[in-house]
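Student: I need the structure of the sequence given here:
(one chain, ligands or ions: 2)
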Amino acid sequence: MIEEISKKDRIFVFDTSLRDGEQVRGCQLNTIEKIQIAKSLENLGVDVIESGFPVSSPGDFNSVVEISKSVTCATVCALTRAVKNDIDIAVEALKYAKNKRIHTGIGTSSYHIKYKFNSTQNEIIERAVASVKYAKKYIEDIEFYCEDAGRTDNFYLATIVEAVIKAGATVVNIPDTTGYCLPEEYGMKIKFLVENVKGIHNAILSTHCHNDLGMATANTVSGIANGARQIEVTINGIGERAGNTSLEEVVMIIKSHKELNKKTNINTKHIYPISRMISNLMNMPVQANKAIVGRNAFAHSSGIHQDGVLKNRENYEIIDPKDVGIDDNIIALTARSGRAALKYRLNVLGIELSQEKLNSIYENFLKLADRKKDISDADILMLAGKDQESHRVAIEYLQVTSGIGILPVASIFLNIDGKKIAAAASGNGPVDAAIKAVKQIIHKQMAIQEFLIQAINKGSDDVCKVHMQVKHCDVYYYGFASNTDIVAASVEAFINAINKFIK
Ligand code: KIV
Ligand code: ZN
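Tutor: Ligands and ions are numbered 1, 2, ... in the order given. The predicted structure follows:
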């Protein structure tokens, strides 16, 4: 029998996809996209949405303001350093939030104290206490982070945690910033704090684990098994370097392992759509074998497994895909599918569109379905993404001749603010020729720094995705496109990046 889950065993989910997750190079979102994600996170059932670091840029400030206006139930949180000006700006950004939290903190490991702050342990405690007291004047809910707590001596950590709780911190975050801890070591750190900090019951301890050694999920689970009551996570485990703990993994571990006696407020059926939405908006593909949300997470390929699953699903599956929002009776999309089928698939992928947009995507869908018999989710996302773009520069026409023993030549027609301009160029390959033709029309100082072509599924009729990093006036811009034609996708990605600096 499932034991009654007591209030103490309720785990609060703090999502930091829009802050720690969004710090990834090339994955930046605009305010409208952030609002869309914040609303979906709220719908998913997260308790706290970390919406940004307001002092870092006017764009981040504005996103926190707009998210605060649109979120109704979840707590909206803003990050600061233990610095008065950061706190002032975060308080201002959170003005419209119904439920708000300041997340302030400072590095506590000997590395940070010595090499980052050139300070002492006592001075760091003073700064920590002062920042909590200062923030508390404006906002009741104050979370304090001890950056690099994973490598902080436990006795010193206990002293600073006790001091900030006394100063009014409601939540204390114990980040394994470098992803260094072993699961047992991280769990023991939490247990040590639970057992040695006076007043610990006046605050909630939070996990915040990075995945540098692939242990973020294990460390987080060890943290909650030892007394942490909040988990800091991101969708798809996105985040700097190897990323943060992934929300879907910990939530499904808690749901599957009843003996842990923990419970979250997450409606797991929304996991897959939001995973797709974030991957799509951030142009960040999910690894095919990623637990819970990867393309192959529920795909059985070996004969023995297929036979076993057909006899009884539980032979090889510990999670019903429907529980995470994957409908395995996926309606196959073909040239004969109607708008309703397309709309259903778009909704499963986290995309909701007006009837007008749906109609225009449907037209493109039919054209693609005529060329490609197996329409995948990536194709649908590509079609939806294309429709949402409205930029100054658009490709009207592109023709490329290439092969063995001939000089690759490209001719292109660009539409810039309604004016059509043509150019032709040769290059050392078809992509080089086409990019040179574009550069004959757009005379800007720009250089391609990174160029990644990725096939999505398999087969020669596959769609390829192109990510491109373009440097213009010392700033990096990221372009993204997908197409069944590699050269077209490359030029589209280039134009996509260009559109970001000639707005
Ligand atoms: O990893 C970390 O230490 C952080 C803090 C700023 C909370 O992200
Ligand atoms: Zn972090």
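Student: For the residue of the chain positioned farthest from its centre, list the residues it contacts.
Tutor: In the chain, the greatest distance from the average C-alpha position (C-alpha atoms, centre = their mean) is reached by residue 405, at 45.1 Å. Counting by C-beta atoms under 8 Å, 6 or more residues apart in numbering, residue 405 touches no other residue. Where C-beta positions appear, they are placed from N, C-alpha and C, glycine not excepted.
Student: wait, is it part of a helix?
Tutor: No - assignment of residue 405 by DSSP: H, G, I helix; E, B strand; the rest coil gives coil, placing it outside any helix.
Student: My read is that residue 248 contacts residue 293, right?
Tutor: Yes - in terms of C-beta atoms under 8 Å, residue 248 counts as a neighbour of residue 293; the distance is 5.6 Å.
Student: which stretches of the chain have low pLDDT?
Tutor: 1-6, 300-303, 305-307, 309-310, 328-332, 373-374, 378, 386-390, 455-459 (pLDDT under 70).
Student: ok, now with 50
Tutor: Counting by pLDDT under 50, the chain shows low-confidence ranges at 1-4, 329-330, 388.
Student: Contact residues of it facing ligand 1?
Tutor: Contact residues (C-beta under 6 Å from any ligand atom) of the chain with ligand 1: 20, 145, 147, 173, 175, 177, 208, 210.
Student: change it to 5 Å
Tutor: Counting by C-beta under 5 Å from any ligand atom, the residues of the chain close to ligand 1 are 20, 145, 147, 175, 177.
Student: who are the neighbours in contact with the first one?
Tutor: The reference is to residue 20. Going by C-beta under 8 Å, 6+ apart, residue 20 touches 50, 232, 234, 239, 240, 244.
Student: My assumption is that the fifth one lies in a strand; please confirm.
Tutor: No - using three-state DSSP, the secondary structure at residue 240 is coil, not a strand.
Student: Spit out the contact partners of it.
Tutor: Residues counted as contacts of residue 240 (C-beta under 8 Å, 6+ apart) are 20, 23, 24, 210.
Student: Please identify, among these, the one with the most neighbours.
Tutor: If you count neighbours using other C-beta atoms under 10 Å, the busiest of the contacts of residue 240 is residue 210, which has 25 neighbours.
Student: who does that residue bridge with?
Tutor: Each beta-bridge partner of residue 210 is listed here, defined by DSSP bridges: residue 244.
Student: Hmm, it is touching residue 246, no?
Tutor: No - Residue 210 lies out of contact with residue 246 (C-beta under 8 Å); the separation is 11.6 Å.
Student: May I have stretch 493-503 as PDB, with CA atoms only?
Tutor: Included here for stretch 493-503 are C-alpha records, laid out as PDB according to Å, rounded to 0.1, in the frame of the first residue of the first chain:
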ATOM      1  CA  ALA A 493      20.700  29.600 -41.300                       C
ATOM      2  CA  PHE A 494      23.100  32.300 -42.500                       C
ATOM      3  CA  ILE A 495      20.200  34.600 -43.400                       C
ATOM      4  CA  ASN A 496      18.600  33.800 -40.000                       C
ATOM      5  CA  ALA A 497      21.700  35.000 -38.200                       C
ATOM      6  CA  ILE A 498      22.000  38.100 -40.400                       C
ATOM      7  CA  ASN A 499      18.400  39.000 -39.600                       C
ATOM      8  CA  LYS A 500      19.300  39.200 -36.000                       C
ATOM      9  CA  PHE A 501      21.700  42.200 -36.600                       C
ATOM     10  CA  ILE A 502      20.000  44.000 -39.400                       C
ATOM     11  CA  LYS A 503      16.700  44.500 -37.600                       C
END
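Student: buried set for that stretch?
Tutor: 493, 494, 495, 496, 497, 498, 499, 500 (16 or more other C-beta atoms under 10 Å).
Student: Can you add secondary structure and give the residues you listed back as JSON lines?
Tutor: Below are these laid out as JSON lines (three-state DSSP):
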{"residue": "493", "secondary structure": "helix"}
{"residue": "494", "secondary structure": "helix"}
{"residue": "495", "secondary structure": "helix"}
{"residue": "496", "secondary structure": "helix"}
{"residue": "497", "secondary structure": "helix"}
{"residue": "498", "secondary structure": "helix"}
{"residue": "499", "secondary structure": "helix"}
{"residue": "500", "secondary structure": "helix"}
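Student: which among these gets closest to residue 79?
Tutor: residue 500 (25.3 Å; C-beta to C-beta).
Student: Find the residue closest to that closest one in space, skipping its chain neighbours.
Tutor: Ranked by C-beta to C-beta, 6 or more residues apart in numbering and with sequence neighbours excluded, the top spatial neighbour of residue 500 is residue 477, at 4.4 Å.
Student: Which element, helix or strand, includes that neighbour?
Tutor: Residue 477 belongs to strand 475-483 when assigned by DSSP states H and E.
Student: List the neighbouring strands of that strand plus their orientation.
Tutor: Taking DSSP bridges as the criterion, strand 475-483 forms sheet pairs with strand 464-472 (antiparallel).
Student: Checking my notes, residue 340 in a helix, right?
Tutor: Yes - remark: residue 340 belongs to a helix, assigned using three-state DSSP.
Student: That one and residue 267, how far apart?
Tutor: Plainly put, residue 340 is 24 Å away from residue 267 if you go by C-beta to C-beta, to the nearest Å.
Student: Same check on residue 163?
Tutor: 38 Å.
Student: Compare the two and say which is more crowded by neighbours.
Tutor: Using other C-beta under 10 Å, the more surrounded residue of residue 163 and residue 267 is residue 163, with 18 against 12.
Student: ok so, going back, can you redo the contacts of residue 240 as TSV with distance to residue 198 and secondary structure?
Tutor: Converted to TSV, the contacts of residue 240 look like this (distance: C-beta to C-beta, whole Å; DSSP: H, G, I helix; E, B strand; the rest coil):
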residue	distance to residue 198	secondary structure
20	30	coil
23	35	helix
24	39	coil
210	29	strand
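Student: What is the most widely separated pair among these?
Tutor: Spatially, the most separated pair among those is 24 and 210, at 12.5 Å (C-beta to C-beta).
Student: Quick check: end-to-end length of stretch 139-151?
Tutor: Stretch 139-151 stretches 30 Å from its first residue to its last (C-alpha to C-alpha, to the nearest Å).
Student: quick revisit: what do residue 210 and residue 246 both touch?
Tutor: Between them, residue 210 and residue 246 have residue 216 as joint contacts when contacts are counted by C-beta under 8 Å, 6+ apart.
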